[in-house]
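Novice: Sequence isn't available, so here's the structure alone:
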């Protein structure tokens, strides 16, 4: 039996799970061979589609950990032995290979010994402390600084000198968080150097490669962690979850600051302070926390609880556990943003990066790297920095004063640009205007300013943190003056307002992000300028600028270049070209693996049909121009009415937009079709005012407890809250229908720029290639149109993916538009739907097939 075939699984896997595990295992093994043999620095990539409900998480866990823990170590040893045999009589080469093998074994033994000691300590303090670890560690906290002990709150005197910047001296150490945790020079309880030596030994022998698993939310990561415990690898895998300071901080004084920016700044201040350091950073407490974190898989909530019980910081404790981990779990933001990766100390070198729920990856990358600033925020930042400068300008070093003035100049220039009226745009009442980065710099007259230097100053000087401290100090000073004031009326009222208002927060951090975006290549992004007209014809303070990332491959390139393998996996990944064209444009095709999984349900449990015509024979073609005609709306009503007669239980219908859904509802109500449909099944409409949970609860109740068990109809919107992340299992969705093709608004200026960028890039690739056939040229010229079509089909696939959720489920999928009969369109459907798809010729054919499907199912399930 091959290593691929012997993947351990907690139960007998489905055929589709075996296929997916085999594909993942082969990709990891192949990329490891390539990396070792050629030393290439670019990752091998896998783009896999595995429908929801097929046990995707378990397949990922078992295949990757089997390769990492069981196969790779033995394979490395065999390769070294093979090298020894090849050496023959060459004594020097043979000696070197044998020495390498012995070193490998010695390294493993040393690591196993250190790990065994660490786990033994974990078990010991578990037994000693029972369920309340705080008792066990109380002696380690007896020397906490009074001003940060939550039991005693004493004021710490703030000096104005703390707000001064010293760029030249601080530049080299402005971001100690990018490196290791700054430990205290002496331990408060005498120091357990045995713990430290074992930890240091393990850190030096870092496991390579490790697996970095990424998903959208911490709840999804928690579920993945629970699945890990179900496998035989749960007790063997050292796994830790990373999160932000706001998520993990246990220092109540810091956590109560609320804002993530304030928490980050205050945490760094305490960490770097020798007089008032955070008590939860005690070296020995951190060592014990790492022991516990590595003893078994923990989710983010577990780590927070363990940290509170021990009095040890979970944020830094989890970071310190990373070098010893086999697997690290992180949310999207922590992986996709370079600054976040550096902040967490997350190295991608030789790692296996798995991005789950990757169907919205490109949009997420663009959102992470896009930043919006309003005119009000620009003014606020300018005023805050001006006050700061005027207060301390006599004390600034010349170089720092120059940089602050330059910062004020840039912000003032952007304010002036945003205040300029664009009568051409505003008179049309359009979305706004899109400008290039160079255009913005030139029109704002800041093209000669070195943005790289300015951004480095903001980052290295720590001015964002110091400005926040300065604002806090000023407001606290105002409150104290107001409370001590004996003057009545106006001053008292002003003082009350100062006392009740929340602490100001500098928006300089957001300004910094916006300025950094202006350092991108001109073609990689655009600035969307939205000028809104306010009172008396002036520009409103709500007017804004938004940097829009056009090229997601720029930021994702760092992951591809450093990781050993990158796996993108999700329930609806088709069309694959959506990812390859934008994220891996220069990666050789032989380094990209594609795979589509079938579903766990038998083929007889799925029916998929295109519905090209209605009951009267009228063509159903919901283009933007024709879809609102009364004839089309009435024919759609007759179609839904007839289908509701034969579809049991829940019938979910997706419309292309909220506006069109409302137009349909209005027409059906006026013609009486709404009442006719409602007499067959009660109807619920998705609303922006109701939460998805409320709508789903009401819908479920109608199906399970409704009159005569007639079921219900749920009218939803593609891209709405009910089209993603909601499980319409079993009777909630015996049929899912999509009305029309949900193309995005082609007049959206941001979309038009994206399409134009894609066309420009393909033109450049075409010009750089020689002997390109005419056929390929035509294909590349329509790359932007292909992207536009991909957006539509990905939305369709995401919606119909709601229908089947487990092996015993069944449903029909009806695509109501004659354009779905086009083979080029239907080829973009998921494999499990495509296998059961047919382009019907008439509504009568659809009606007969659908009725026969449910009759057959009722016989087999009864």
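Specialist: Looks like it arrived, so ask away. This one's a predicted model, so the numbers in the text were calculated from it and none came from an experiment. Numbering: from 1, shown residues only.

Novice: can you pull out the strands in the stretch 301-450 of the chain?
Specialist: For the stretch 301-450 of the chain, the strands defined by DSSP state E, counting those that start in this stretch cover 327-331, 352-355, 371-374, 433-436.

Novice: Just give the closest residue to residue 386, not the sequence neighbours.
Specialist: Nearest residue to residue 386 in three dimensions, chain neighbours excluded: residue 408, at 6.5 Å (CB to CB, 6 or more residues apart in numbering). (Each C-beta comes from the backbone N, C-alpha and C, glycine too.)

Novice: Number of residues surrounding that neighbour?
Specialist: Using other CB atoms under 10 Å, residue 408 has 15 other residues around it.

Novice: Between the strands of the stretch 301-450 of the chain, which one is closest to residue 793.
Specialist: When the strands of the stretch 301-450 of the chain are compared for distance to residue 793 using CB to CB, the nearest one is strand 352-355, at 20.6 Å.

Novice: what's the closest one in contact with?
Specialist: 28, 43, 60, 64, 68, 209-215, 332, 335, 361, 559, 563-569 (CB atoms under 8 Å, 6 or more residues apart in numbering).

Novice: for stretch 395-412, same thing?
Specialist: By CB under 8 Å, 6+ apart, the surrounding residues in contact with stretch 395-412 are 164-168, 378, 381-382, 385-386, 388-389, 393, 446, 449, 454, 457-458, 461, 463, 511, 515.

Novice: Check stretch 623-637 too.
Specialist: Contacts to stretch 623-637, defined as CB under 8 Å, 6+ apart, come from residues 614-616, 618, 620-622, 660, 663-664, 667-668, 671, 673, 677, 739-740, 743, 816.

Novice: Narrow the contacts of strand 352-355 to those in strands?
Specialist: The strands, defined by DSSP state E, take in 211-215, 565-569 from these.

Novice: Quick check: the farthest pair among the residues you listed?
Specialist: Using CB to CB, the two most remote members of the ones in strands among the contacts of strand 352-355 are 215 and 565, lying 17.2 Å apart.

Novice: Those two: which has the busier surroundings?
Specialist: Remark: of residue 215 and residue 565, residue 565 carries more neighbours, 27 against 22, as counted by other CB under 10 Å.

Novice: ok, now which ones touch that one?
Specialist: 27-28, 31-32, 43-46, 209, 352-353.

Novice: So which of those residues are in helices?
Specialist: With helices taken from DSSP state H, the overlap with these comprises 27-28, 31-32.

Novice: Can you pick out the most distant pair from those?
Specialist: The largest separation in those, counting by CB to CB, is between 27 and 32 at 9.6 Å.

Novice: Check the burial of residue 445 by counting its neighbours.
Specialist: 13.

Novice: Who are the contact partners of the nearest residue to it once chain neighbours are set aside?
Specialist: Spatially, and ignoring its direct neighbours in sequence, residue 445 is nearest to residue 413 (5.7 Å; CB to CB, 6+ apart). By CB under 8 Å, 6+ apart, the residues touching residue 413 are 444-446.

Novice: Let me see the confidence value for residue 445.
Specialist: pLDDT, residue 445: 95.

Novice: Residue 332 is in contact with residue 341, correct?
Specialist: No - counting by CB atoms under 8 Å, residue 341 stays clear of residue 332, with 11.7 Å between them.

Novice: Against residue 613, how distant is residue 580?
Specialist: 36 Å (CB to CB, to the nearest Å).

Novice: What's the local residue count around the closest residue to residue 704 other than its chain neighbours?
Specialist: In this structure, residue 704 finds its nearest non-sequential neighbour in residue 731, 7.4 Å apart by CB to CB, 6+ apart. Neighbours of residue 731 under the rule other CB under 10 Å: 17.

Novice: what's the answer for residue 459, then?
Specialist: 16.

Novice: likewise residue 696?
Specialist: Using other CB under 10 Å, residue 696 is surrounded by 19 other residues.

Novice: which SSE is it in?
Specialist: Here residue 696, judged by DSSP states H and E, is contained in helix 692-705.

Novice: Go through that helix and flag the buried ones.
Specialist: Buried residues in helix 692-705, counting neighbours by 16 or more other CB atoms under 10 Å, are found at 692, 695-696, 699-700, 702-703.

Novice: With distance to residue 75 added, can I get the residues you listed in CSV?
Specialist: CSV is the format used below for these (distance: CB to CB, whole Å):
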residue, distance to residue 75
692, 47
695, 52
696, 48
699, 52
700, 50
702, 57
703, 52
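
Novice: wait, which of those is closest to residue 851?
Specialist: Nearest to residue 851 among these: residue 703, at 20.0 Å, using CB to CB.

Novice: thought that closest one was touching residue 732?
Specialist: Yes - the criterion here is CB under 8 Å, and residue 703 meets it with residue 732 at 6.5 Å.

Novice: Now do the shared contacts for those two.
Specialist: Common neighbours of residue 703 and residue 732 (CB under 8 Å, 6+ apart) are 649-650.

Novice: Report the rounded mean pLDDT for stretch 231-239.
Specialist: Averaged over stretch 231-239, pLDDT sits at 90.

Novice: Report the contact partners of residue 795.
Specialist: So residue 795 contacts 718-719, 723, 742 (CB under 8 Å, 6+ apart).

Novice: Apply 7 Å and report the result again.
Specialist: 718-719, 742 (CB atoms under 7 Å, 6 or more residues apart in numbering).

Novice: Mind checking which of those residues land in strands?
Specialist: Using DSSP E, no member of those falls in strands.

Novice: Now flag whichever of these is closest to residue 255.
Specialist: residue 719 (35.4 Å).

Novice: quick revisit: for the residue nearest to residue 704, give me the pLDDT.
Specialist: So residue 731 comes in at 87 (pLDDT).

Novice: what about it, which SS state?
Specialist: helix (DSSP: H, G, I helix; E, B strand; the rest coil).
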